[in-house]
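A.B. asks: dropping a prediction and its sequence here:
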Amino acid sequence: MKPLRFTDRFKTLYTLAVRLSESAEADAVLLLLEGPADWVRLKNLAGDEKVIVAANTPEELKGAKEAGLETVVLNMPDSPVYDQLTQALLEAVADDILAPGSCVVALYSGFEADVMDSVSIINLGEHLDRLTGRDLRQLETRVPLDTLKQVVDLAVEIGREGREGKPVGTMFVVGDTRKVLACSRPVGFDPVRGYSRKDRNLADARVREGIKEIAQMDGAIIVSADGTVEAACRYIDAPAHALTLSKGLGSRHWAAAAISRATKAVAVTVSQSNGTVRIFQNGEVVLRIEPIHRRPMIWKEFEYEPPATETRSKAKPDSGKPAG
């Protein structure tokens with residue numbers, strides 16, 4: 001945990017970020033830190049501009065709030081800078097520090113560790129649209145936001161890239177693992193059985209690549225709240241009566257709606273036809289993401305989906321096909 005040094009270089013960049021925030025009429029200056037700092041000095045140099053400081057542990061931010069700064073704890077020290085910036089923005093929106101459409105000037109170590117060397121203007125409207133802090137908090141009450149983001153990012157990659165040139169449809173069920181397993185049964189061989197928890201955690205890039213292969217198989221992939229893949233190739237056996245979904249959505253989406261209502265889990269589906277990713281909670285679609293080729297994942301606008309023509313089910317998802 002290295003304290004931030006107020007070198008001439010840092011003071012110049014920080015002053016630039018504050019002036020840029022003023023001229024662009026940004027809502028805040030965001031600092032991505034790797035240790036504590038002279039919080040009072042940071043606040044004084046910023047004048048009337050809102051300053052958000054983000055770091056990986058509460059200890060690194062001790063005293064920042066008392067100095068009048070907003071704080072965000074990330075708890076993702078091994079993640080790339082882009083992911084940490086994204087998480088900081090999501091957490092700031094979830095905590096109502098920022099509005100979803102805010103503009104932020106970010107100062108961070110983009111090229112060299114422990115050296116503040118990069119300044120960016122980030123328009124949250126391009127990433128979060130009108131997704132509100134309340135929407136994020138509702139999801140976070142069931143699944144930690146960092147775990148949900150890992151799963152959604154993976155789902156978007158699958159929807160965007162497919163596998164070996166072919167489109168892939170799949171489903172993840174995240175959180176409330178014990179009840180989800182009780183409401184499902186194996187389709188056949190479980191490809192993750194027998195591996196250690198470390199070798200099944202989505203924080204590992206190799207695990208994510210392996211899950212892309214498994215996603216081609218029938219059945220749902222069950223993920224715990226800490227990002228560990230608990231089981232794969234599971235048939236969801238939850239009642240779908242009285243659910244309402246858009247016309248044209250298949251058994252995978254009905255199963256996702258059913259399991260998200262029967263448990264406290266969040267379900268994430270990838271549509272094989274167009275790669276669209278949908279997030280289900282309480283039996284409804286709460287977020288839809290359209291994968292964009294060769295571009296980063298975009299958290300899109302909250303879109304409640306029942307169309308003019310609705311389809312209602314009074315039975316379980318089609319038992320003739322694996323629900324995942």
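C.D. replies: Sure, I can see it.
A.B. asks: all contacts plus neighbour counts: C-alpha atoms, from now on.
C.D. replies: OK.
A.B. asks: phi, psi for Ile67 please.
C.D. replies: Careful, residue 67 is Ala and not Ile. Summarising the backbone geometry of Ala67 under the convention degrees, to the nearest 10, its torsions are phi -90, psi 0.
A.B. asks: got it, and Thr7?
C.D. replies: Main-chain torsions, Thr7, degrees, to the nearest 10: phi -70, psi 170.
A.B. asks: which residues of the stretch 201-324 of the chain score low on pLDDT?
C.D. replies: Applying pLDDT under 70 to the stretch 201-324 of the chain flags the ranges 290-324.
A.B. asks: in it, which spans are helices?
C.D. replies: Secondary structure of the stretch 201-324 of the chain, counting by DSSP state H, counting those that start in this stretch: helices at 205-214, 251-262.
A.B. asks: so for the shortest one, what gets flagged as buried?
C.D. replies: By neighbour count, and taking 16 or more other CA atoms under 10 Å as the criterion, the buried residues in helix 205-214 are Val207, Arg208, Ile211, Lys212, Ile214.
A.B. asks: separation between the fourth one and Asp27?
C.D. replies: Pointing back at Lys212 there. Between Lys212 and Asp27 the computed distance is 38 Å (CA to CA, to the nearest Å).
A.B. asks: can you check Gly275 too?
C.D. replies: 34 Å.
A.B. asks: with neighbour numbers in mind, choose between the two.
C.D. replies: Regarding Gly275 and Asp27, a neighbour count based on other CA atoms under 10 Å identifies Gly275 as having more, with 25 against 20.
A.B. asks: for the more buried one, which non-adjacent residue is closest in space?
C.D. replies: In space, and not counting its chain neighbours, Gly275 is closest to Gly159: 3.8 Å by CA to CA, 6 or more residues apart in numbering.
A.B. asks: check Val81 too.
C.D. replies: Looking at Val81 with CA to CA, 6+ apart, the closest residue is Gly110, at 6.8 Å.
A.B. asks: surely that neighbour meets Ser118?
C.D. replies: Yes - counting by CA atoms under 8 Å, Gly110 touches Ser118, with 5.5 Å between them.
A.B. asks: neighbour-wise, which of those two wins?
C.D. replies: More neighbours sit around Gly110 than around the other of Gly110 and Ser118, counting by other CA under 10 Å; the figures are 17 against 14.
A.B. asks: report pLDDT for that one.
C.D. replies: Predicted confidence (pLDDT) for Gly110: 82.
A.B. asks: repeat for Glu49
C.D. replies: Here the pLDDT value assigned to Glu49 is 94.
A.B. asks: so what's it closest to, chain neighbours aside?
C.D. replies: Distances taken as CA to CA, 6+ apart place Ala28 nearest to Glu49, at 6.3 Å, with adjacent residues excluded.
A.B. asks: tell me the contacts of that neighbour?
C.D. replies: Ser21, Glu49, Lys50, Val51, Ile52, Cys103, Val104, Val105 (CA atoms under 8 Å, 6 or more residues apart in numbering).
A.B. asks: swap the cut-off to 6 Å and go again
C.D. replies: Ala28 makes contact with Lys50, Val51, Val104 under the criterion CA atoms under 6 Å, 6 or more residues apart in numbering.
A.B. asks: helices or strands up against the host helix or strand of the last one?
C.D. replies: In the assignment (DSSP states H and E), Val104 maps to strand 103-108. Judged by 3 or more CA pairs under 6 Å, 6 or more residues apart in numbering; DSSP states H and E, the packing partners of strand 103-108 are strand 28-32, strand 118-123.
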